[in-house]
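S.K.: sequence and predicted structure, then a few things I'm wondering about:
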Amino acid sequence: MDVLSRDDLTALAQKRPGPRVSIYLPTTRFGTDSLGDRTRLKLLLRQAETMLTETTDKSEVAAMLEPVRALLEERDFWLGTDLGIALFLEAGSMKHFRLDESFSEQVYVGERYHLKPLLALAGNDVAYWMLAISQKHMRLMRGSGATLVEVDLQDAPTSLADALQWDNFQKASLQYHSQMNSGVGGRRPAVYHGNADPDPKDDLLRYFRAVDAAVCEYLHDDDTPLILAGVDYLLPIYREANNHPRLMEQAVTGSPENTREAILAEEGARIAGKEITQERKDAAQRIDDLWGSDRTTADVKMLIPAAYHGRVDTMFVALDEAVWGTYDQESSELDTHEIKQPGDEDLLDAAAFEAMTSGAHVYAVCTADMPHGTEAVALLRY
């Protein structure tokens, strides 16, 4: 299974010229029915081809769809499927995600990707980072559901010995020169001013500060929760070194080296899920507290322009609802239709990602879980 982050979604949401194709397909785990999965994907490809040829030259359409046709023949890809795949195509580019989510079969062609089905997977449910620490080994992993994928922190120390290697080299060098100078030619012997009995905590702090610096640089402004995994006595020392703002209070305790990865993933998902559920409840409560004021709106004629102009602080959008139409940001002209017309897009989908790219907190939930039973609602910055 692949891990989907908010950064992935934000990148897909960026505006670029040219048609784009979004394909969602339910699949069987581990390719147990890969022939059936591939047959359904072929049918969806034909639908995409028909839609594209209405506005795009056939040769360009063929080139755009060729990477998917090649993917149909990649045996290893289909052996690694989970419950669903999402494919995103544009001229010269294809991105795909095998995910623990069973999508309904969908094909969208438009000026932007249709991404709303993925919102609940990227940051709203159980996406998290896990940092497994021990004196002998350190790993940073991206977690989603039951899956952990290790990432490369490049120059970060991978162990306490690695972190202290340079210090030890310097000490050995000083000691060597001290011995060489001792009693030679009447010169005063060099003296090594070191701590004969260093505090082990000081060494661990140096190690963890180096790890923290690498983690913060790698994650940058990613606001996905970060969860520690490690033995009890190391956790408070790492927290003393930590500068990452989303480090969770709850951790996975015990030796990560002696814990099965499935258990680490299960515990990580539980902690992240609990945290994100609480954040979503808090966001809904803020909307309730300000309901009826000029800071909240469920009117799409106000909400959609506000999302495009960076005025949205928090937004809830219904996964199973759509508002078809067009919006011109320059003229602020908004047209909505009950039934999709040529050139229309799902304006709720567009508004959600416009809000996300401006730094808003966006939650995608079923209509039954929407605040005040709306199809979309926003807490405005101003």
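M.R.: Perfect, I can see it now.
S.K.: any idea how far stretch 241-252 is from the chain center?
M.R.: 17 Å (Cα atoms, centre = their mean, to the nearest Å).
S.K.: in it, what counts as buried?
M.R.: Residues of stretch 241-252 classed as buried: 241-242, 247-248, 251-252 (neighbour count, 16 or more other Cβ atoms under 10 Å). Glycine gets a C-beta too; all of them are placed from N, C-alpha and C.
S.K.: can you redo the residues you listed as CSV with distance to residue 129 and secondary structure?
M.R.: Below are these laid out as CSV (distance: Cβ to Cβ, whole Å; DSSP: H, G, I helix; E, B strand; the rest coil):
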residue, distance to residue 129, secondary structure
241, 16, helix
242, 13, coil
247, 9, strand
248, 10, coil
251, 13, coil
252, 12, strand
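S.K.: show me which of those residues is closest to residue 86.
M.R.: residue 248 (27.7 Å; Cβ to Cβ).
S.K.: which pLDDT value belongs to the closest one?
M.R.: pLDDT, residue 248: 94.
S.K.: that one: what's it in contact with?
M.R.: Residue 248 makes contacts with 225-228, 271-272, 275, as judged by Cβ atoms under 8 Å, 6 or more residues apart in numbering.
S.K.: in helices, which of the residues you listed fall?
M.R.: Using DSSP state H, 271-272, 275 are the members of the contacts of residue 248 that sit in helices.
S.K.: which one (most neighbours) among the residues you listed?
M.R.: The most crowded member of the ones in helices among the contacts of residue 248, judged by other Cβ atoms under 10 Å, is residue 272 (25 neighbours).
S.K.: now the nearest residue to that one once chain neighbours are set aside, what's its secondary structure?
M.R.: With sequence-adjacent residues excluded and distances taken as Cβ to Cβ, 6 or more residues apart in numbering, residue 272 is closest to residue 128, at 3.6 Å. Of the three states, residue 128 takes strand under DSSP: H, G, I helix; E, B strand; the rest coil.
S.K.: show me the beta-bridge partners of residue 128.
M.R.: Per DSSP bridges, the residues bridged to residue 128 are residue 143.
S.K.: following element in sequence after the lowest-mean-pLDDT helix or strand in the chain, please.
M.R.: Every helix and strand of the chain was ranked by mean pLDDT, DSSP states H and E. The lowest is helix 160-181, at a mean of 54. Next helix or strand after helix 160-181 toward the C-terminus (DSSP states H and E): helix 200-219.
S.K.: using CSV, write out the CA atom coordinates for that following helix.
M.R.: In CSV, the C-alpha atoms belonging to helix 200-219 read as follows (Å, rounded to 0.1, in the frame of the first residue of the first chain):
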residue,chain,number,x,y,z
PRO,A,200,25.1,9.4,29.5
LYS,A,201,22.1,11.8,29.3
ASP,A,202,24.3,14.4,27.7
ASP,A,203,25.4,12.0,25.0
LEU,A,204,21.7,11.1,24.4
LEU,A,205,20.7,14.7,24.2
ARG,A,206,23.4,15.4,21.6
TYR,A,207,22.2,12.4,19.6
PHE,A,208,18.5,13.3,19.8
ARG,A,209,19.2,17.0,19.0
ALA,A,210,20.9,15.9,15.8
VAL,A,211,18.0,13.6,15.0
ASP,A,212,15.4,16.3,15.8
ALA,A,213,17.2,18.8,13.5
ALA,A,214,17.0,16.3,10.6
VAL,A,215,13.4,15.4,11.3
CYS,A,216,12.3,19.1,11.5
GLU,A,217,14.2,19.8,8.2
TYR,A,218,12.6,16.8,6.5
LEU,A,219,9.0,17.4,7.7
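S.K.: what lies in contact with it?
M.R.: By Cβ under 8 Å, 6+ apart, helix 200-219 touches 129, 131, 133, 135, 138, 140, 151, 153-157, 159-160, 163-164, 167, 226, 234, 237-238, 240-244.
S.K.: the helix or strand encompassing residue 236 - what's its average pLDDT?
M.R.: In this assignment (DSSP H and E), residue 236 forms part of helix 235-241. Across helix 235-241, pLDDT averages out at 96.
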